[in-house]
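Sequence first, then the predicted structure:
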Amino acid sequence: MVPKSLTVLVVDDHALIRAALVSVLNDSSDIRVIGEASNGAEAVDLAHKLSPRVVIIDIEMPGVDAFHAASHILQLRPATAILFLTATQQDRAIEQALKVGALGFFLKNDNTNLLPDAIRAVARGEQYFSPTVLARVNGDPGAFRRKKISGTKGDTLSDREVEVLRYVGRGFAKKQIADMLGISVKTVDKHVTSVMEKLEIHDRVELALYTVREGLISA
């Protein structure tokens, strides 16, 4: 029997989710889970001791911030690949994942059968993003190569465009936005058009939904 050479550390604060992930991964012919952690501090400690090839880590955990933990792991073990597991699709979370050096972003509602392929991709030094996440990233989504994707479409917005977007999300008309910001309606229209082009959203309702999802305004 060929030994399972691709080693993985699974990090999630929910025991049932960890068990499900371990089961899926250990069923693969080449992947072996060598450790489990329930929080960021444990993840850093085990990653240092066990030197897994890949660490799959949940973003929403109590205690040590998952991004901080991932950054620490990469400082201790630069050859380790980080794959974030999350239920959130916020652009800001994607951006933070990229900034700390993670290679993958896998959503919890994705088909778990895709997880082994995601693990293999990041282990090769390639990027892996869930299909629904790919629609919002900048770079070459067809290649999945390291550093091809460097941020999200939301990350390309200027501060003024974000400011205008917040008002659009709250339902203000362009004339009202112009008055509040002390700019012309034409300038507001220019900003809205730019935002729509950058986000590839061409409907004000969809823009409003975007602002809520990203936490730019409260629902």
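Alright, I've got the coordinates.

For the residue nearest to the spatial centre of the chain, what is the enclosing helix or strand?
The chain has residue 94 as the residue nearest its centroid, 2.9 Å off, counting by CA atoms, centre = their mean. Element membership of residue 94 [criterion: DSSP states H and E] is helix 91-99.

And residue 49, by the same measure?
Applying DSSP H and E, one finds residue 49 within helix 40-50.

Please work out which residues outside that helix touch it.
Helix 40-50 has contacts (CB atoms under 8 Å, 6 or more residues apart in numbering) with 7, 9, 11, 34-35, 37, 52, 55, 57, 61, 63-66, 68-69, 72-73, 76-77, 80. Using the backbone N, CA and C atoms, a C-beta is placed for each residue, glycine as well.

Let's see which of the residues you listed end up in strands.
Judged by DSSP state E, the contacts of helix 40-50 include 7, 9, 11, 34, 35, 37, 55, 57 as members of strands.

Please list only the buried members of these.
7, 9, 11, 35, 37, 55, 57 (16 or more other CB atoms under 10 Å).

Now that the fourth one has come up, it's in contact with residue 18, right?
No - look at residue 35 against residue 18 with CB atoms under 8 Å: they stay out of range, at 10.5 Å.

Spit out the residues that contact the two alike.
residue 10.

just the helices in the protein please.
Counting by DSSP state H, the chain has these helices, from start to end: 15-26, 40-50, 66-76, 91-99, 115-123, 131-134, 159-169, 174-181, 185-199, 204-213.

of all the ones you listed, which lies closest to residue 109?
helix 131-134 (8.6 Å; CB to CB).

Any idea how far apart the tips of stretch 164-183 sit?
End-to-end distance of stretch 164-183 (CA to CA, to the nearest Å): 11 Å.

Name the surrounding residues that touch it.
157, 163, 184-185, 187-189, 191-192, 195, 204, 207-208, 210-212, 216-217.

Buried among those residues? Need that as a selection in ChimeraX.
Buried residues within the contacts of stretch 164-183, by 16+ other CB under 10 Å, are selected in ChimeraX with:
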select :157,163,187,188,191,192,195,207,208,210,211,216
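
Share the number of residues neighbouring the closest residue to residue 213 other than its chain neighbours, please.
Once flanking residues are discounted, residue 213 sits nearest to residue 90: 6.6 Å by CB to CB, 6 or more residues apart in numbering. As a burial measure, residue 90 scores 16 neighbours (other CB atoms under 10 Å).
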